[in-house]
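> Structure for the following, please:
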Amino acid sequence: MKISVIIPVFNEVDSIQELYEELKRVLLAYKPYEILFIDDGSTDGSVDIINRLSQSDPSINLIKFYRNYGKAAALAEGFKYANGDYIVTMDADMQDDPVEIPNLILKLEEGFDLVSGWKKDRKDPISKRVPSKLFNLVTRLFTGVQIHDFNCGLKIYKKSVVKTLEIYGGRHRYIPALAGQKKFKVTEIVVHHRPRIYGITKYGGSRLFHGLFDLISILFLSKYTQSPLYFFGQIGFFTFLSGLGIEFYVLYLKYGMGEPFAKHMALLMLGILIIVIGIQFFSIGLVGEMIANSNQDKESRVKGILKS
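Residues are numbered from 1 along each chain as shown. As a prediction, this is how the structure comes out:
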């Protein structure tokens, strides 16, 4: 069993050395292991420290980005290059405690595919804790994945999970939900969370709004990716019927009530417009079906093969 630890890094020059020393003490019991630092465009000398550490420890690997692409991109590249059977992710700011890794491994080996940390006693200001609680409540409600802390950086995955997930934009906040949608077994354990002593938080106030839009995107894609015509076709069908109803009403006014078309020209044009919109929605659904059909073979569906 090989352990891979993925650590996104963005201007964490003060914490890298200390984090590495703590990690090494924990991981010595799990040889072989690898530590993947993903430098997300740091400008403060973080890369120099990682390069120096790698000269004395061949288990350290460094992936450098041209510029800052964000945490999702860093995790996606880490997942791509990780070779371990179990993959651990954690932040570089020292708030995640490496001592929790053995507990995560034990829980994973109970038969789960992903174990997320739960910062039950979170050492952050209330300005971060309150929005986080709201975010987790909404996500738990709409995704059906019953954990308390979706965005905890400290997680452990089986290799089959990380090689299946597609992470981009802000989707790293919803990794447990994405795994749950693919029917992987997801759980959580309470982990020790430490107060920030190095650097400053990388998240601003717009994070909550971005998270809401990402959640809508995930919910939509999970439900309609395979059959987009179900969504767009329904809208198009009812829109078309509405427009058709308006046109029949105008015809009734003309031939049933004897009123001229000119008197209801605006209503007539509105009906035509709604009919055209309905047809367009239906057409979008058909195009979506064609795209979905062409992508069918890109997703790995097989969990395992038993040969006699």
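> At which residues are the strands of this structure located?
Here the chain has its strands, by DSSP state E, at 3-9, 33-39, 60-64, 86-89, 114-118, 155-158, 186-190.
> JSON lines please, covering those and showing mean neighbour count, mean pLDDT and distance to Tyr252.
No exception for glycine: its C-beta is placed from N, CA and C like everyone else's. Formatted as JSON lines, the strands of the chain follow (neighbours: other C-beta atoms under 10 Å; pLDDT from 0 to 100; distance: least, C-beta to C-beta, whole Å):
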{"stretch": "strand 3-9", "mean neighbour count": "26", "mean pLDDT": "95", "distance to Tyr252": "65"}
{"stretch": "strand 33-39", "mean neighbour count": "23", "mean pLDDT": "94", "distance to Tyr252": "66"}
{"stretch": "strand 60-64", "mean neighbour count": "17", "mean pLDDT": "93", "distance to Tyr252": "68"}
{"stretch": "strand 86-89", "mean neighbour count": "27", "mean pLDDT": "96", "distance to Tyr252": "64"}
{"stretch": "strand 114-118", "mean neighbour count": "26", "mean pLDDT": "95", "distance to Tyr252": "60"}
{"stretch": "strand 155-158", "mean neighbour count": "27", "mean pLDDT": "96", "distance to Tyr252": "63"}
{"stretch": "strand 186-190", "mean neighbour count": "20", "mean pLDDT": "95", "distance to Tyr252": "57"}
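> Now render the ones you listed as CSV, adding distance to Met257.
Formatted as CSV, those follow (distance: least, C-beta to C-beta, whole Å):
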stretch, distance to Met257
strand 3-9, 69
strand 33-39, 71
strand 60-64, 74
strand 86-89, 69
strand 114-118, 65
strand 155-158, 68
strand 186-190, 62
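> I'd like to know which of those strands is closest to Glu100.
Distance to Glu100, taken as C-beta to C-beta, is lowest for strand 114-118 among the strands of the chain, at 6.6 Å.
> and the angle for the closest one with strand 186-190?
Put simply, strand 114-118 runs at 30 degrees to strand 186-190, going by axes from the mean of the first three to the mean of the last three C-alpha atoms, to 10 degrees.
> Export only the CA atoms of strand 114-118, formatted as PDB.
Once non-C-alpha atoms are left out, strand 114-118 reads as follows in PDB (Å, rounded to 0.1, in the frame of the first residue of the first chain):
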ATOM      1  CA  LEU A 114     -13.600   8.700   0.700                       C
ATOM      2  CA  VAL A 115     -13.200  10.000   4.200                       C
ATOM      3  CA  SER A 116     -13.400  13.700   4.800                       C
ATOM      4  CA  GLY A 117     -12.200  15.500   7.900                       C
ATOM      5  CA  TRP A 118     -14.800  17.400  10.000                       C
END
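> what are the pairing partners of that strand, and which direction each?
Paired strands of strand 114-118, with direction, are strand 155-158 (antiparallel), strand 186-190 (parallel) (DSSP bridges).
> starting at the chain centroid, how far to the first one?
If I follow you right, that is strand 155-158. Centroid displacement of strand 155-158 relative to its chain, using C-alpha atoms, centre = their mean, to the nearest Å, is 14 Å.
> Pull the residues that contact that strand.
With contacts defined as C-beta atoms under 8 Å, 6 or more residues apart in numbering, strand 155-158 is touched by 85-90, 101, 104-105, 107-108, 113-117, 175-176, 179.
> now do 7 Å
86-89, 104-105, 108, 113-117, 175 (C-beta atoms under 7 Å, 6 or more residues apart in numbering).
> With stretch 81-94 instead?
With contact meaning C-beta under 7 Å, 6+ apart, stretch 81-94 is reached by 1-9, 12, 15-16, 18-19, 34, 36, 63, 75, 96, 101, 104-105, 108, 153-159, 162, 194, 196-199.
> ok, 6 Å please
Stretch 81-94 is contacted from outside by 1-7, 9, 12, 15, 19, 96, 101, 153-157, 159, 162, 198-199, using C-beta atoms under 6 Å, 6 or more residues apart in numbering.
> can you check stretch 6-21 too?
Stretch 6-21 is contacted by residues 36-40, 42, 44-46, 49, 53, 71, 74, 78, 89-90, 92-94, 198 when judged by C-beta under 6 Å, 6+ apart.
> Go ahead and build a PyMOL selection from the buried members of those residues.
Selection of the buried residues among the contacts of stretch 6-21 in PyMOL, burial being defined by 16 or more other C-beta atoms under 10 Å:
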select buried, resi 36+37+38+39+40+42+46+49+53+71+74+78+89+90+92+93+94
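> I'd like to know which of the strands paired with strand 114-118 lies nearest to Thr139.
With respect to Thr139, and counting by C-beta to C-beta, the nearest of these is strand 186-190 at 12.3 Å.
> Ok, which of the strands of the chain comes nearest Lys133?
Here strand 114-118 is closest among those (C-beta to C-beta), at 12.1 Å.
> So which of the contacts of stretch 6-21 sit within helices?
Assigned to helices by DSSP state H, the following of the contacts of stretch 6-21 qualify: Ser46, Ile49, Leu53, Lys71, Ala74, Gly78.
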